[in-house]
Structure formats: C-alpha cells, structure tokens
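K.L.:
no FASTA, just this:
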C-alpha cells in the first residue's frame with residue numbers, strides 16, 4: 001500500500017481519571033482532546049461499565065464542538081481492557097473480544113475496559129477498521145513470577161503495557177540501542193502506577209496495577225497486608241473494596257480528590273499532611289523499582305519513567321535520588337499511548353502488519369505439573 005494515501009485514524013483512550021481522544025491523518029495529529037473526570041464524580045457510578053454513556057457524551061460533544069466528522073474513517077482504535085490475557089500486538093476487534101472486555105474476563109476492573117466499547121459504538125456509527133493494541137493484560141511473565149503462596153492462585157499481568165512498551169522503545173532509540181537488546185525498568189506513573197521489568201523485549205514481571213498491588217497512587221490504595229484488609233475492610237461491600245483498588249484509594253482516600261495538581265499545590269504550600277502522603281507515594285514507587293532491579297539480577301541498562309505525574313519535578317528528583325545508583329534515570333512526562341495506537345493502526349492499514357485474531361482464551365492456564 002502506498003504511503004501517499006491519507007489514512008484517517010481516531011483513537012479513544014479512557015484512563016482512571018480522564019478520557020483522551022485524538023484524530024490523525026497518517027502520522028500527523030490533527031487534533032487531540034483530554035477530559036478530566038474527578039473521582040468524586042466517577043464514584044457515583046456503581047460499576048466502571050456504568051460510566052460508558054457518561055464518557056461517550058463527552059467524546060461526541062468533543063467531535064461536534066471541533067467539527068470532526070468520522071464518516072469514512074479508516075480505523076478506530078480503542079484502548080484495550082481486560083480481555084483474557086494475551087500476547088502483545090494489534091488485534092481486530094470482534095464481538096467476542098468486546099464482550100470479554102465488558103465482562104472483564106482478565107479479572108481487571110479498570111477504566112480501560114471502556115476503550116473498545118466506546119470505539120465499537122463509534123465504529124457502528126461511522127464504520128472503518130476496529131482495532132485494539134497491546135491491552136492492559138499483555139502477559140509475558142516468566143514462570144517464577146506467577147507463583148503465589150496459595151496453591152492454585154497465580155499472579156496476573158495488569159499494566160499500562162501500551163505506554164510502557166512505546167516509551168521503552170523511545171528510550172532505547174535515544175541511547176542508540178534496540179529495545180530487545182536491553183534490560184529496563186519501565187514505570188508508568190499517573191492515576192495508576194505500574195512498575196515493570198523488561199528483559200530483552202519481554203515484560204517478565206510487574207505489579208498488578210489494577211488488583212491492589214504496588215505503590216499507592218492518586219486513585220489506588222496499593223499493597224496492604226491481607227490481614228489489614230480482612231479486619232478493617234471486611235464489613236464493606238465488595239464493590240467498595242474493589243473501588244479502593246482502582247478509583248477511590250490512594251490520594252483520593254486521603255484528600256477526597258484524585259486531582260494531582262490540587263494536592264501538589266498543597267505540597268508546595270508546605271502543608272504537612274500533603275507533604276507526608278505525597279512523599280510516601282514516591283517512597284513506595286522507589287521500593288518497587290528496587291524490587292524490579294533484583295528481578296533483573298542487577299543488570300539494568302536504564303530506569304524509564306513516564307506518565308502524567310512526571311510533570312512534577314519532585315517526583316523525578318525523589319526517584320532519581322533513591323534509585324539513580326541502579327541505572328541512569330530518564331523521564332518522559334505524559335504518555336505515548338496515542339502514538340503507539342496510531343502507529344499500529346497505520347501499519348495494519350498499509351499492509352505492513354497483519355492484525356491478530358483474538359483467541360478467546362488466556363495465554364496461561366496453569367502448570368500441568370503442579
């Protein structure tokens with residue numbers, strides 16, 4: 001397919017506290033938009049799926065306000081949610097994939113489960129290819145990383161795979177190396193936080209960012225002792241506990257808002273509570289980075305930081321001070337998710353890559369010998 005043809009691509013990317021969209025013509029970004037959703041509003045919805053119409057209203061309003069007509073669009077790409085865990089890549093979206101994400105077959109209840117659903121609604125109205133790229137349940141774990149202390153229960157992969165891998169590629173290029181030849185610790189630091197170990201192109205371990213595992217975040221409670229959860233939260237409804245893992249925990253629990261700018265303003269003003277909680281979040285991030293250095297046996301070529309919170313210099317400084325002895329620390333504020341989704345769609349549209357078919361079953365289903 002000739003690169004002279006102009007392909008029109010629209011991407012939909014719901015995050016924990018925002019809905020982001022962008023319209024492309026080939027590699028060119030025509031227009032992008034970002035709507036912030038305060039957790040105080042989102043918590044009024046019983047489930048994440050119940051947010052679908054609310055978020056779709058904002059997307060359609062954005063299209064209308066900016067006079068963007070998607071009629072004849074070549075591809076609509078939705079951020080991939082928790083289908084069954086699968087290998088990375090670009091997938092053609094079918095009804096089975098939409099339903100498995102809606103039902104969170106991958107066990108992760110996260111706002112990303114709305115991405116493909118929103119894209120499907122737009123696809124039904126405007127047409128075009130319907131695609132998904134590197135969903136949050138990309139599973140490349142090494143076997144030893146799957147084991148827990150309870151027989152039959154295995155650790156699962158739930159990360160910001162799309163942005164993590166795109167940023168890792170960018171860092172590798174910046175130092176004149178290939179991603180699949182490096183060992184990297186790559187961290188997405190925003191409303192959700194995932195700390196991942198990449199060994200020669202495979203993401204071999206990470207915290208389960210949507211399951212209450214890892215550092216606390218603006219919206220997530222992070223790792224707590226199971227006994228504390230049982231004794232102090234056992235009288236609360238299951239959905240409320242799940243919400244603490246994804247939407248109303250972390251900074252939101254402490255301050256009643258997940259707005260990082262509001263909380264950071266308090267830090268800069270010298271507020272003692274805000275300073276302690278903010279620094280505790282950074283402290284927890286550095287502990288997880290240290291653990292991933294051990295996963296890679298200390299052979300780390302770089303620590304790569306990305307995500308919205310990297311716009312705050314003190315977040316970088318705190319991580320660099322604690323972890324700079326491990327490997328050089330590089331920061332890429334914001335996300336490369338849209339560029340990764342656009343690039344993948346363009347490769348498929350140009351015939352450079354074949355879109356994969358969703359298998360409808362998990363990549364890992366247990367060990368035969370255990």
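P.N.:
Nice, I can see it. What you see is a predicted model; the values in this text were computed from it and never measured.

K.L.:
for the rest of this, base every contact and every neighbour count on C-alpha atoms.
P.N.:
Will do.

K.L.:
my guess is residue 331 is in a strand, correct?
P.N.:
Yes - according to DSSP: H, G, I helix; E, B strand; the rest coil, residue 331 belongs to a strand.

K.L.:
how about it, nearest residue that isn't a chain neighbour?
P.N.:
Leaving aside its sequence neighbours, residue 331 sits nearest to residue 305 (C-alpha to C-alpha, 6 or more residues apart in numbering; 4.7 Å).

K.L.:
what residues does the strand or helix carrying the one you found touch?
P.N.:
Per DSSP states H and E: residue 305 is located in strand 302-307. Here strand 302-307 makes contact (C-alpha atoms under 8 Å, 6 or more residues apart in numbering) with 164, 167-168, 171, 183-190, 327-335.

K.L.:
if any of those are buried, put those into a PyMOL selection.
P.N.:
Entered in PyMOL, the line below selects the buried ones among these, by 16 or more other C-alpha atoms under 10 Å:
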select buried, resi 164+167+168+171+183+184+185+186+187+188+189+190+327+329+330+331+332+333+334+335
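
K.L.:
which ones among the contacts of strand 302-307 lie within strands?
P.N.:
If you go by DSSP state E, the contacts of strand 302-307 have 183-189, 329-333 in strands.

K.L.:
need these in TSV with distance to residue 90, can you?
P.N.:
Below are these laid out as TSV (distance: C-alpha to C-alpha, whole Å):
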residue	distance to residue 90
183	24
184	23
185	24
186	21
187	22
188	21
189	24
329	30
330	27
331	26
332	24
333	25
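
K.L.:
which of those residues sits closest to residue 105?
P.N.:
Set against residue 105, the nearest of the ones in strands among the contacts of strand 302-307 by C-alpha to C-alpha is residue 188 (23.4 Å).

K.L.:
quick check: bridge partners of the closest one?
P.N.:
Residues in a beta bridge with residue 188, per DSSP bridges, are residue 194, residue 306.

K.L.:
just give me the neighbour total for the residue nearest to residue 331.
P.N.:
Burial of residue 305 is recorded as 27 neighbouring residues (other C-alpha atoms under 10 Å).

K.L.:
if we can go back for a sec, angle of the strand holding residue 305 against strand 329-333?
P.N.:
20 degrees (axes from the mean of the first three to the mean of the last three C-alpha atoms, to 10 degrees).

K.L.:
just the strands in the stretch 101-250 of the chain please.
P.N.:
129-133, 183-189, 193-199, 202-206 (DSSP state E, counting those that start in this stretch).

K.L.:
the spatially most central residue of the chain and residue 95, how far apart?
P.N.:
In the chain, the residue lying closest to the centroid (C-alpha atoms, centre = their mean) is residue 160, at 2.7 Å. According to C-alpha to C-alpha, to the nearest Å, residue 160 stands 23 Å off from residue 95.

K.L.:
returning to what we had before: among the strands of the stretch 101-250 of the chain, which comes closest to residue 228?
P.N.:
Checking the strands of the stretch 101-250 of the chain against residue 228 by C-alpha to C-alpha gives strand 193-199 as the closest, at 21.8 Å.

K.L.:
now for the closest one, which elements pack on it?
P.N.:
Contacts defined by 3 or more C-alpha pairs under 8 Å, 6 or more residues apart in numbering; DSSP states H and E place strand 193-199 against strand 183-189, strand 202-206, helix 272-295.
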